[in-house]
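K.L.:
got a sequence here, can you build the structure:
(2 chains)
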Amino acid sequence: MSGPNVLEVRGLSARIAGQEVVHDVSFEVPAAGVTAVLGRNGVGKTSTLRAVLGLVERSGEVLLDGVRVDGERTDRIVRRGVGYVPEDREVFAGLTVAENLRLAHRAGPGGTTAEHRALVDALFPDLATRAAQRAGTLSGGQQQMVSLARALLNDNRILLVDEPTKGLAPRIVGEVAEALAAAARTVPILLVEQNLQVVERLADRVVVIDAGRVVHTGPARDLLDDADLLQRLLGVHAETEAAR
Amino acid sequence: MSTLILLLATGLGLGGLYFLVASGLSLIYGLMGVLNFAHGSFLTLGAFVGLAAGNLVGAGTWGGLLLGLVVGALTGAAAATATELGLIRPLYDRHIEQVLVTVGLSLATVALFEGIWGPNPRNVTRPGWLASTTDVLGARVPNTAFLNVLAGAVVLGGIVAFLRYTRYGLIIRAGVENRAMVTALGIDVRRAFTLVFAVGGAAAGLGGVLATQSLNYVSPHMGASLLIFAFIVTVIGGMGSLTGAAVASVVVAVLQQLANFYLNNTGDLIVVLLLALVLLVRPSGLLGRPA
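P.N.:
As a prediction, the model looks like this:
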């Protein structure tokens, strides 16, 4: 039942500690390419992603390949083929790199395949040499590689990637963007990202959120080429961004 | 010198018993955030059922004791599994309600055990060797101390091996760090919860049968008595830290023995003071992760 959209979100609201932080959000993610979720700090981008996965209290509809999954537990949604790269990496610091990856292995349809292992090995060759190292002792960039690798090991229908370049050095940002570009050739990505250069490189479509509501959707190019729109929706001067 | 050796040896034996109870408490709290006040009931039930099974083979025989240990562990595991599935699972992430239900269960089960087996302690018949002592550098050390240390070491080794070399062990170690992220990797962490309860219940049931050999009696209240010190050990060691629980078990038990002998039976008071000191100086416990 695979349609043009791999993920559809309809009227999604999310609550944290009883307070609604995402209000009646609706958008779609096509079955190919990168859809970026943009917005200023604290507007509800991360909460939207977490609500899709059921990691926070939510209401509304979430459809994966046309099937409603909003009534399901997080682990079941993930096993349907949703890879998740959380904000701040969230690697298991006390486990080794190899154990972090082993934990992400899934069996059966949509699980770990030889092709996906090969992709991970090709994208992150450094991880093999650090297999026995505790993930907590890795640099931020290396931890991000582990976090991405966990999601890329499986034959997912979609990846939810939350601020993968946050807090990373510019050189590492480039490596992460490269890895995401390679991943995007095999799986659609819903990407929360603040770095507009990364968005410009990767995104086909954008969903802009402000104060917990969707305020704009459309092709990424339309937003990035419109200085007034950028300023109004994101508070960003195009010249400033271009200079970065 | 012989007195000190005796106190250290009996302290180590008592530490073994504390660890059997505290290991389950620590794992359960570490993974699930559940303060399980019913854990002592698993110990008491394991002790009564294990002894009854052992008596079928022969009271005071090694065969009876071995069967009693196995049945006690299985009984503890079964009781813990039923508790997790029936009472804890419907209350995930509702910690106050979990505390209330486990406190209620502990009170109700003591009353139930009193109803079934009577309120008074009953003497047990032990294998001859366990009822005697062994001379160690002039100290006559009760042989039950050796058995308790051995059991504690075997259980510690077994749980460490389980955590290190099995997939469920990996899930539990990861879950202690970040339960939500384990779920976000597509893993049904509830199965790990049930397994942790079962493993903890088995250790407690085993500890129950062993405690009867050390105390020379079985009583509906023995679980509650040991649970208090097991909680202290768990907090001092660091909630969720198995190694911390092992270290704290020995520290608490040895300190208790020394204080009881040298400081006029103030062992319990000293242990509570140690707990207060650790909470003030290092609230996360000796080997626990800082909050």
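
K.L.:
list the helices and strands the helix or strand where B:Val196 lies packs on?
P.N.:
B:Val196 belongs to helix B:189-215 when assigned by DSSP states H and E. Judged by 3 or more Cβ pairs under 8 Å, 6 or more residues apart in numbering or on different chains; DSSP states H and E, helix B:189-215 is in contact with helix B:2-32, helix B:39-58, helix B:62-83, helix B:143-165, helix B:167-177, helix B:179-183, helix B:222-237. C-beta: built from backbone N, CA, C; applies to glycine.

K.L.:
report the buried residues of it.
P.N.:
Within helix B:189-215, the residues scored as buried using 16 or more other Cβ atoms under 10 Å in any protein chain shown are B:189-190, B:192-215.

K.L.:
contacting residues around residue 217?
P.N.:
By default, I'm working from chain A. Neighbouring residues of A:Thr217 by Cβ atoms under 8 Å, 6 or more residues apart in numbering or on different chains: A:Phe27, A:Arg205, A:Val206, A:Val207, A:Val208.

K.L.:
correction: the question concerned chain B.
P.N.:
B:Pro121, B:Arg122, B:Asn123, B:Val124.

K.L.:
ok, the first one - how many residues close by?
P.N.:
Right, the one you point to is B:Pro121. 16 (other Cβ atoms under 10 Å in any protein chain shown).

K.L.:
next one: phi and psi at it?
P.N.:
phi -60, psi 150 (degrees, to the nearest 10).

K.L.:
hmm, B:Val218 and it touching each other?
P.N.:
Yes: between B:Pro121 and B:Val218 a contact is recorded at 6.9 Å, counting by Cβ atoms under 8 Å.

K.L.:
so who does A:Ile172 touch?
P.N.:
A:Ile172 neighbours (Cβ under 8 Å, 6+ apart): A:Gly140, A:Gly141, A:Gln144, A:Thr165.

K.L.:
distance check, the third one against A:Glu163.
P.N.:
So the one you mean is A:Gln144. Note on A:Gln144: its distance to A:Glu163, by Cβ to Cβ, to the nearest Å, is 10 Å.

K.L.:
did I read that right, B:Pro220 in a strand?
P.N.:
No: counting by DSSP: H, G, I helix; E, B strand; the rest coil, B:Pro220 falls outside a strand, being coil.

K.L.:
and the pLDDT for it?
P.N.:
Listed pLDDT for B:Pro220 reads 97.

K.L.:
what's the answer for the one 5 residues further on, then?
P.N.:
pLDDT recorded at B:Ser225 is 92.

K.L.:
for A:Thr113, same thing?
P.N.:
The score at A:Thr113 is 89. That number is its pLDDT.

K.L.:
and B:Gly30, by the same measure?
P.N.:
On the pLDDT scale, B:Gly30 gets 84.

K.L.:
residues contacting it?
P.N.:
B:Gly30 sits next to B:Val176, B:Met239, B:Gly240, B:Ser241 when contact means Cβ under 8 Å, 6+ apart.

K.L.:
can you check A:Val173 too?
P.N.:
Contacts of A:Val173 (Cβ under 8 Å, 6+ apart): A:Thr165, A:Asn195, A:Val198.
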